[in-house]
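[1] what follows is a predicted protein model with its sequence.
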Amino acid sequence: MKKHMSEECFRRPFTCKYCTYSATYGEVTLHYVECVKYPVGCPNRCHEECDIPRGEVSRHLTECPLQVVPCPFKEQGCGEECMRNKLSQHLEDKVHEHLSLVTSQFGAVSSQLGAVSSQFGVVVKKMQSLEQENAELKERVTRSECQLRESISEVLKKMESLEQENAELKERVTRSECQLRESISEVLKKKTEVPKLCCESDVPQMTLKS
């Protein structure tokens, strides 16, 4: 039983040999499948006894001599791939082909640059035309603003003149109303005086008759 508990039982405490993970023996055994420090061989088998921590395989492949890599002139059109340790030989064997691809790409780039330069010239002319149009619009807006200010000034002067004229008219109307009231008052006063005079003139006559 003691041997079973210490060496055979799948539930006995156990620690991963390659990292600090601790659990039961059965769980650690399953952990080995994903442990980043578990030693594995190179996928390209660059060395028969090469043990690489699982987490470092990707980095190893960036320098593995047997890793298949594309030609450095892939973007120029070379579609060949070879193992990293054969790449130097490929570059020596395909010097003329690569030079032809670079020359062809340079010609294409030159044509594109010519087209871009032509388009740039059109854009520059358009920009100059827009700048001139913008300057003309600014000048027109400035003139319009000056004319508007002058018009507003004239309107304000006219309003001021009308207000003054209106005040004078009101004053004249007020004076006219006063004069009219005075005239009416005088007329009414004279109207009351006339019958009184008539009555006074009749009194002596009546006395004489008696």
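    Nice, thanks for sending it over.
[2] so where's the protein shaky on pLDDT?
    1-8, 48-49, 194-210 (pLDDT under 70).
[3] where do the strands of it begin and end?
    Using DSSP state E, the strands of the chain run over residues 13-15, 22-24, 39-40, 52-53, 68-70, 81-83.
[4] in its sheet, which strands sit next to the fourth one, and in what direction?
    This points to strand 52-53. strand 39-40 (antiparallel) (DSSP bridges).
[5] got it, and the fifth one?
    Based on DSSP bridges, the strands next to strand 68-70 in the sheet, each with its direction, are strand 81-83 (antiparallel).
[6] now the helices: where do they sit in the chain?
    Under the criterion DSSP state H, the chain contains helices at 2-3, 25-31, 57-61, 87-93, 95-209.
[7] can you report how many residues lie near residue 182?
    When neighbours are defined as other C-beta atoms under 10 Å, residue 182 has 10 of them. Any C-beta I mention is one placed from the backbone N, CA and C, and that applies to glycine too.
[8] hang on, the earlier thing: let me know which of the strands of the chain is the nearest to residue 123.
    strand 68-70 (37.6 Å; C-beta to C-beta).
[9] centre of the chain to that closest one, how far?
    The chain centroid and the centroid of strand 68-70 are separated by 43 Å, computed with C-alpha atoms, centre = their mean, to the nearest Å.
[10] what residues sit buried inside it?
    residue 69 (16 or more other C-beta atoms under 10 Å).
[11] again, but for stretch 44-55
    44, 46, 52, 53, 54.
[12] and for stretch 85-94?
    87, 90, 94.
[13] residue closest to the middle of this protein?
    Among the residues of the chain, the one closest to the centroid is residue 127, at 21.9 Å (C-alpha atoms, centre = their mean).
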